[in-house]
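Novice: Here is my input, please return the structure:
(2 chains)
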Amino acid sequence: MTVALSVRGLTVAYAQNPAITAVDADFAAGAMTAIIGPNGAGKSTLLRAVLGLVPRRAGEVAIFGAPLARVRGRIAYVPQRASVDWDFPTRVTDVVQMGLYRQLGLLGRVHRRHRALAEDCLARVGMADYATRQIGQLSGGQQQRVFLARALAQEADLYLLDEPFAGVDAATETAIIGVLKGLRDAGRTVVAVHHDLATVAGYFDRVLLMNGRAIAQGPVATAFTPDALQATYGGRLALAPTAGQGVA
Amino acid sequence: MFWQALLLQAGYNATLVTVGAALLGVAAGAVGSVMVLRKRALVADAMAHATLPGVAMAFMVMVWLGGDGRSLAGLMAGAALSAGCGLLTVDWITRKSRLAEDAAIGAVLSVFFGAGIVGLTVIQTMQGGRQAGLEGFLLGATAGMLWADALVIAGGGAVAVALVWLLRRPLLLVAFDPGFAETVGISPRRADLILMALVMAVTVIGLKVVGLILVVALLIIPAVAARFWTDRAGAMVWIAGAIGGAASYLGAVISTLAPALPTGPIIVLLAAGVFLVSLLFAPARGAVPAALRHRRVRALRQAAP
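Specialist: Numbers count the residues shown, from 1 in each chain, chains lettered A, B, ... in the order given. Below you'll find the model as predicted:
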């Protein structure tokens, strides 16, 4: 297994309380991995620490074998229902073109090929008809898809997504999972925080189960077991999968 | 006379003052747009008021050193210094206490402004200093401005405009989505620092033209007026620049004709006029077109039950 993202002994604390403690995890290149755990398990924190958005107290993060600063251009991040000002004067296509920032730099001109790339990314998430809308005019699911299109425009090798399916309708969920599988099939690595245990086996290749610490990881067939889920969620999980079958 | 002044034919000095004011207006509109989009307008107000003690101190120091105390560059340096102190104080209070930022801003604004007024009063009673004209920093006074002062204002305004043009992408990216900006390698902290430095530069350069009480209005009003005409942040920056530039240009012209009027209020009222027109008549977001659209929809509904 080639490792795209490797985390060793990662500890992050907010104020005095540790959010994640000594997490060791490897994320396979060219695979789709779900990060699963109860609320407050530190799933988002793990992603944010990998991206350098929160300071880490201890531990190492290697992305394609290099530190973050050297591989920023190869990573794209889709935050959870982006907490931006939806009345900000920016149109859908402008948001997608933000994904080109590293290509364009401070003053690089937006050429026709850049615009074409942005249009293509919007088409891939089924939002081609909305390019000139102001972002505030979109529904929640559409906004989520625009932010996914922005990540696509970054043409990254590693995609980190924080609950991409939170609060979106079934059609949007299907569209997003299609795009993510397309990325995986093109050899890109996808890591997503995920909540719906029922869809894990259908959507993802691998899982990381965590609750403050890493509890189990590996291919869905071997790591996504009732015992591991029990250990992750404790007694709070009503619906446990039957032995050996995983969760359908 | 009005047309001569408007067409920059009222003398070399008046021309330079007018051009300087216009450049300052463009800078204020452009910087102000980024500032409004980043939601930092209140901090700018605190900073503007915090310039006053610096102006008073700089005057006293220059008189004490034997100068006449009215060198614009010296007064600007003092203003920048105390504006910086004001900014740091707001930051410090917000971090060290449980006070919300707006409370910290209110406290710093009034304390610094009060200290500045005390300083001005002391200067009034000073012997030897030629204090006339210092109160022009409160509301702006372009009439009788020195050639060198106008040059500083024009040059400073041009540099600020150039910096906004150069850094528009990272600044607007941070304003829209600081988290994303960080993942593509832009430091939001550094961008905010640059933004506040630009706001401070506009404030200090604008002291003589619009005055410290109203300079924040020249930062905010063109930006909110421009918002009515576009849905794109990049365009908003330059539309606001145009509005700020036009208002300042016209304000400086009027000020040459009526030197008794303070320049700042004239400029701000002109900009506010543009804002009012935008609020009412801008095609996509204005109140009147919206009401007309509403009526048309209702008429259609009644026609086809």
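
Novice: all contacts plus neighbour counts: C-alpha atoms, from now on.
Specialist: Noted.

Novice: quick one: low-confidence parts of the chain?
Specialist: In the absence of a named chain, chain A is used. For chain A, the stretches flagged by pLDDT under 70 are A:82, A:235-248.

Novice: Chain B, not that one
Specialist: Chain B contains residues with pLDDT under 70 at B:1, B:10, B:127-132, B:305.

Novice: Nearest residue to the middle of chain A?
Specialist: Among the residues of chain A, the one closest to the centroid is residue A:161, at 1.3 Å (Cα atoms, centre = their mean).

Novice: Assumed it was part of a strand.
Specialist: Yes - the assignment for residue A:161 is a strand, going by DSSP: H, G, I helix; E, B strand; the rest coil.

Novice: what residues does the stretch 1-150 of chain B put near chain A?
Specialist: residue B:37 (Cα under 8 Å from any Cα of the partner chain).

Novice: where exactly do the helices run in the stretch 1-150 of chain B?
Specialist: For the stretch 1-150 of chain B, the helices defined by DSSP state H, counting those that start in this stretch occupy B:2-6, B:12-37, B:41-49, B:51-64, B:72-96, B:101-125, B:136-139, B:147-176.

Novice: Can you report how many residues lie near residue A:84?
Specialist: 12 (other Cα atoms under 10 Å in any protein chain shown).

Novice: Spit out the contact partners of it.
Specialist: By Cα atoms under 8 Å, 6 or more residues apart in numbering or on different chains, the residues touching residue A:84 are B:176, B:177.

Novice: so when I look at it, I'm seeing a strand, right?
Specialist: No - read with three-state DSSP, residue A:84 is coil and lies in no strand.

Novice: Need phi/psi at it.
Specialist: Phi and psi for residue A:84, reported as degrees, to the nearest 10, are phi -110, psi 170.

Novice: re the thing from before, for beta bridges, what are the partners of the residue nearest to the centre of chain A?
Specialist: residue A:78, residue A:192 (DSSP bridges).

Novice: how close does it get to residue B:110?
Specialist: Distance, residue A:161 to residue B:110, using Cα to Cα, to the nearest Å: 46 Å.

Novice: Next, give phi and psi for the nearest residue in space to residue A:12 that is not next to it in sequence.
Specialist: Spatially, and ignoring its direct neighbours in sequence, residue A:12 is nearest to residue A:56 (4.8 Å; Cα to Cα, 6 or more residues apart in numbering or on different chains). Main-chain torsions, residue A:56, degrees, to the nearest 10: phi -100, psi 140.

Novice: Tell me which of the helices of the stretch 1-150 of chain B is the most buried.
Specialist: Neighbour counts (mean count of other Cα atoms under 10 Å in any protein chain shown) averaged over each of those peak at helix B:12-37, with a mean of 28.

Novice: how deep is residue 225 tucked in, by neighbour count?
Specialist: The chain I'm using is chain A. For residue A:225, the tally of surrounding residues (other Cα under 10 Å) stands at 20.

Novice: Oops, wrong one, chain B.
Specialist: Counted by other Cα under 10 Å, the residues lying close to residue B:225 total 27.

Novice: my read: it touches residue B:280, true?
Specialist: No - the criterion here is Cα atoms under 8 Å, and residue B:225 misses it with residue B:280 at 10.5 Å.

Novice: residues in contact with whatever helix or strand residue B:269 lives in?
Specialist: Per DSSP states H and E, residue B:269 falls inside helix B:263-281. In this structure, residues lying in contact with helix B:263-281 by Cα under 8 Å, 6+ apart are B:139-142, B:209-211, B:214-215, B:217-218, B:221-222, B:224-226, B:228-229, B:243-244, B:247-248, B:250-252, B:254-255, B:285-289.

Novice: Now restrict the residues you listed to buried residues only.
Specialist: Neighbour counting with 16 or more other Cα atoms under 10 Å in any protein chain shown marks B:139-142, B:209-211, B:214-215, B:217-218, B:221-222, B:224-226, B:228-229, B:243-244, B:247-248, B:250-252, B:254-255, B:285-288 as buried within the contacts of helix B:263-281.

Novice: What about those residues, which are in helices?
Specialist: Here DSSP state H is the test, and the buried ones among the contacts of helix B:263-281 give B:139, B:215, B:217-218, B:221-222, B:224-226, B:243-244, B:247-248, B:250-252, B:254-255, B:287-288 as lying in helices.

Novice: Kindly report the residues of chain A close to chain B.
Specialist: So chain A meets chain B at A:51-53, A:72-73, A:76-77, A:83-85, A:88-91, A:94, A:98, A:101-102, A:106-107, A:134 (Cα under 8 Å from any Cα).

Novice: Drop anything exposed from those.
Specialist: Taking 16+ other Cα under 10 Å as the criterion, what is buried in the residues of chain A next to chain B is A:51, A:72-73, A:76-77, A:88-91, A:94, A:98, A:101, A:134.

Novice: Could you export those to TSV, including columns for secondary structure?
Specialist: Shown next, in TSV, are those (three-state DSSP):
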residue	secondary structure
A:51	coil
A:72	helix
A:73	helix
A:76	strand
A:77	strand
A:88	coil
A:89	coil
A:90	coil
A:91	strand
A:94	helix
A:98	helix
A:101	helix
A:134	strand
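
Novice: Identify, from these, the entry nearest to residue B:300.
Specialist: Nearest to residue B:300 among these: residue A:134, at 26.0 Å, using Cα to Cα.

Novice: ok, what's across the strand from that closest one?
Specialist: In this structure, residue A:134 bridges to residue A:91 when assessed by DSSP bridges.

Novice: Do I have it right that it meets residue B:233?
Specialist: No - with contacts counted by Cα under 8 Å, residue A:134 stays clear of residue B:233, the gap being 11.0 Å.

Novice: okay, and the common contacts of those two?
Specialist: Joint contacts of residue A:134 and residue B:233 (Cα under 8 Å, 6+ apart) are A:89, A:90.

Novice: surely residue B:228 meets residue B:286?
Specialist: Yes - applying Cα under 8 Å, one finds residue B:228 in contact with residue B:286, separated by 6.7 Å.

Novice: helix, strand or coil for residue A:215?
Specialist: Look at residue A:215: counting by three-state DSSP, its state is strand.

Novice: can you count the residues close to it?
Specialist: Around residue A:215 there are 18 residues (other Cα under 10 Å).

Novice: what do you get for residue A:117?
Specialist: Using other Cα under 10 Å, residue A:117 has 18 neighbouring residues.

Novice: What is the neighbour count of the residue nearest to it when sequence neighbours are not counted?
Specialist: Nearest residue to residue A:117, sequence neighbours excluded (Cα to Cα, 6+ apart): residue A:153, at 6.8 Å. Residue A:153 is flanked by 23 other residues according to other Cα under 10 Å.

Novice: With only the CA atoms kept, save the strand or helix carrying residue A:182 in PDB.
Specialist: Assigning secondary structure by DSSP H and E places residue A:182 in helix A:170-185. Written as PDB, here are the backbone C-alpha positions of helix A:170-185 (Å, rounded to 0.1, in the frame of the first residue of the first chain):
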ATOM      1  CA  ALA A 170     -30.200  12.600  -1.900                       C
ATOM      2  CA  ALA A 171     -29.600  14.000  -5.400                       C
ATOM      3  CA  THR A 172     -26.700  16.100  -4.200                       C
ATOM      4  CA  GLU A 173     -25.200  13.200  -2.200                       C
ATOM      5  CA  THR A 174     -25.300  11.000  -5.300                       C
ATOM      6  CA  ALA A 175     -23.700  13.800  -7.400                       C
ATOM      7  CA  ILE A 176     -20.900  14.300  -4.800                       C
ATOM      8  CA  ILE A 177     -20.100  10.600  -4.300                       C
ATOM      9  CA  GLY A 178     -19.900  10.200  -8.100                       C
ATOM     10  CA  VAL A 179     -17.400  13.000  -8.300                       C
ATOM     11  CA  LEU A 180     -15.300  11.600  -5.500                       C
ATOM     12  CA  LYS A 181     -15.300   8.100  -7.000                       C
ATOM     13  CA  GLY A 182     -14.200   9.700 -10.300                       C
ATOM     14  CA  LEU A 183     -11.300  11.200  -8.400                       C
ATOM     15  CA  ARG A 184     -10.400   7.900  -6.900                       C
ATOM     16  CA  ASP A 185     -10.600   6.200 -10.300                       C
END
